[in-house]
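Peer 1: based on what follows, work out the 3D shape:
(2 chains)
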There are 2 protein chains.
Amino acid sequence: MTYKLTYFNATALGEPIRFLLSYLDIDFEDYRFEVESWPTIKPTMPFGKAPILEVDGKVLNQSAAISRYLAKKAGLAGNDDWESMLIDIAVDNIHDLRQALAGYFYDQNEESKNQKYVPLFKETVPYYMDKFEEIVAENKGYFVNGKLTWADLFFVGVLGYLNHMAKIDLLEGRPHLQGLKDTIENIPQIKLYIEKRPTAMF
Amino acid sequence: MTYKLTYFNATALGEPIRFLLSYLDIDFEDYRFEVESWPTIKPTMPFGKAPILEVDGKVLNQSAAISRYLAKKAGLAGNDDWESMLIDIAVDNIHDLRQALAGYFYDQNEESKNQKYVPLFKETVPYYMDKFEEIVAENKGYFVNGKLTWADLFFVGVLGYLNHMAKIDLLEGRPHLQGLKDTIENIPQIKLYIEKRPTAMF
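Peer 2: Numbers count the residues shown, from 1 in each chain, chains lettered A, B, ... in the order given. Below you'll find the predicted structure:
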């Protein structure tokens, strides 16, 4: 089978997929385009968004759905339906934080953006990050049931993007999440991928 | 097992869960609160959001994760990992439209909200709805692989909420999506639930 990932030259929503493909030792084409090319590429994407993954030429969008599929192959999607759901919940909680940050970061109206700053950075961001820290502290260094799942790869995969949007180090003062980052980045296949990956915009 | 759903007296993100529980003939407590109670209830929610589902007292958040779990029980989550992924993709595409509408509908800055109106209703909304119509037309009246899956229940479940935010009938001129709505609402268990459900705010 052939795998081609198409995304910006960024970590963000492409990175959990790259992590999972690397974890699976799947050789994939890591096609990265620059922001300037996006207007040309966007109309060719299934719903006008990236990333997409092509599997034997079949075009798939939606990074979480793709990640879940790859995670099943990797044995990182839970041992039963209940555990799979707990992983899905963790991923969607992380997504909610991402969306709160994106709603601020990409806001094109200066006044509206300024209005969002205080509630986002005084309430929402510490609320989510403290919850995540607590969850990982209670689960032996992982998000779900004290073992590695794709929720962990997802979190560490999108973390650089979250930090970029927040303009702060979200892990500061949160040692369990820092520990999780170290754990993931030291998985041999992921470590190897990180060493080889191109310098990205974030 | 006992099931208790806690949500606003609204369809929206609670309705796919109610549809699935009804489809499964699961007797559940359909606890609905009024908007005025939200400030009191919000701090008791796992991530400050609703709906939650309590299964034997275990508190679960994230409506899509809960719906996927119930859909597996109902045999509506795909016959293999690939099909499950296609369903997840469809659900997340619908979520993206919901979020685009919500980003407009809940925008508290009048100027920002007005700026969003034209691109949202001249581009984004027709783009998504026409794609959905095309997909359902090509898939024998369903979202994925010509058969009933939870993507269909999800779409029809949140449709009233999408219409409410859009302030238009999104199905107008889209006969295949209208047909899908009729199909879902005529599934005996769902039909029965709809007949009994309380009058909701939307």
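Peer 1: who in chain A is up against chain B?
Peer 2: Neighbours of chain B within chain A, by Cβ under 8 Å from any Cβ of the partner chain: A:47-49, A:60-62, A:64-66, A:68-69, A:72-73, A:81-82, A:84-85, A:88-89, A:91-93, A:96, A:99, A:103, A:107-109, A:111-112, A:115, A:127-128, A:131. Where you see a C-beta, it was placed from the backbone N, CA and C, and this is true even at glycine.
Peer 1: now, these that are in strands?
Peer 2: A:Leu60, A:Asn61 (DSSP state E).
Peer 1: any of the residues of chain A next to chain B buried? List them.
Peer 2: Among the residues of chain A next to chain B, those buried by neighbour count (16 or more other Cβ atoms under 10 Å in any protein chain shown) are A:47-48, A:60-62, A:64-66, A:68-69, A:72, A:84-85, A:88-89, A:91-93, A:96, A:103, A:107, A:109, A:112, A:115, A:128.
Peer 1: tell me how chain A divides into domains.
Peer 2: According to automatic domain parsing, chain A comprises the domains A:3-74+A:188-196, A:81-185.
Peer 1: how about those in JSON lines, adding distance to B:Asn163 and mean pLDDT?
Peer 2: Output for the domains of chain A, formatted as JSON lines (distance: least, Cβ to Cβ, whole Å; pLDDT from 0 to 100):
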{"stretch": "domain A:3-74+A:188-196", "distance to B:Asn163": "20", "mean pLDDT": "98"}
{"stretch": "domain A:81-185", "distance to B:Asn163": "22", "mean pLDDT": "98"}
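Peer 1: just send those back as JSON lines, with distance to B:Phe155 too.
Peer 2: Below are the domains of chain A laid out as JSON lines (distance: least, Cβ to Cβ, whole Å):
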{"stretch": "domain A:3-74+A:188-196", "distance to B:Phe155": "15"}
{"stretch": "domain A:81-185", "distance to B:Phe155": "18"}
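Peer 1: which helix or strand contains the residue lying closest to A:Ala102 once chain neighbours are set aside?
Peer 2: Nearest residue to A:Ala102, sequence neighbours excluded (Cβ to Cβ, 6 or more residues apart in numbering or on different chains): A:Met165, at 6.4 Å. Using DSSP states H and E, A:Met165 sits within helix A:150-166.
Peer 1: output the contacting helices and strands for the next helix or strand after that helix.
Peer 2: Counting by DSSP H and E, the element after helix A:150-166 in chain order, helix or strand, is helix A:175-185. Here helix A:175-185 touches helix A:125-138, helix A:150-166, helix A:188-196, going by 3 or more Cβ pairs under 8 Å, 6 or more residues apart in numbering or on different chains; DSSP states H and E.
Peer 1: and among those, the most buried is which?
Peer 2: Among these, helix A:150-166 has the highest mean neighbour count (mean count of other Cβ atoms under 10 Å in any protein chain shown), at a mean of 23.
Peer 1: now do that helix against helix A:188-196, angle only.
Peer 2: Per axes from the mean of the first three to the mean of the last three Cα atoms, to 10 degrees, the angle that helix A:150-166 makes with helix A:188-196 is 30 degrees.
Peer 1: could you say what helices and strands helix A:150-166 packs with?
Peer 2: Short answer (3+ Cβ pairs under 8 Å, 6+ apart): helix A:150-166 packs on helix A:15-23, helix A:63-74, helix A:81-105, helix A:175-185.
Peer 1: ok, and what's touching the second one?
Peer 2: Contacts of helix A:63-74 with the rest of the structure, by Cβ atoms under 8 Å, 6 or more residues apart in numbering or on different chains, involve A:13-14, A:16-17, A:20-21, A:23-24, A:51, A:53, A:60, A:77, A:87-88, A:91-92, A:95, A:149-150, A:153-154, B:81-82, B:84-85, B:88-89, B:91-92.
Peer 1: likewise the first one?
Peer 2: By Cβ under 8 Å, 6+ apart, the surrounding residues in contact with helix A:15-23 are A:3, A:5, A:28, A:30, A:51, A:53, A:63, A:66-67, A:70-71, A:74, A:76, A:150, A:153-154, A:156-158, A:160-161, A:184, A:187, A:189-190, A:192-193, A:197.
Peer 1: what's the first helix or strand after that helix?
Peer 2: Heading C-terminal from helix A:15-23 (DSSP H and E), you reach strand A:29-33.
Peer 1: what distance separates stretch A:170-177 from the centre of its chain?
Peer 2: With Cα atoms, centre = their mean, to the nearest Å as the basis, stretch A:170-177 stands 17 Å off its chain's centre.
Peer 1: no, scratch that, I was asking about stretch A:89-109
Peer 2: Centre to centre, stretch against its chain (Cα atoms, centre = their mean), the figure for stretch A:89-109 is 12 Å.
Peer 1: just stretch A:81-92 next, same as before
Peer 2: For stretch A:81-92 - counting by Cα atoms, centre = their mean - the centre lies 15 Å from the chain centre.
Peer 1: hmm, who's touching that stretch?
Peer 2: A:64, A:67-68, A:71, A:77-78, A:135, A:143-145, A:149-151, A:154-155, B:60-62, B:64-66, B:68-69, B:72-73.
Peer 1: so the helix holding A:Met165 versus helix A:175-185, what angle?
Peer 2: Using the same axes, to 10 degrees, helix A:150-166 lies at 110 degrees relative to helix A:175-185.
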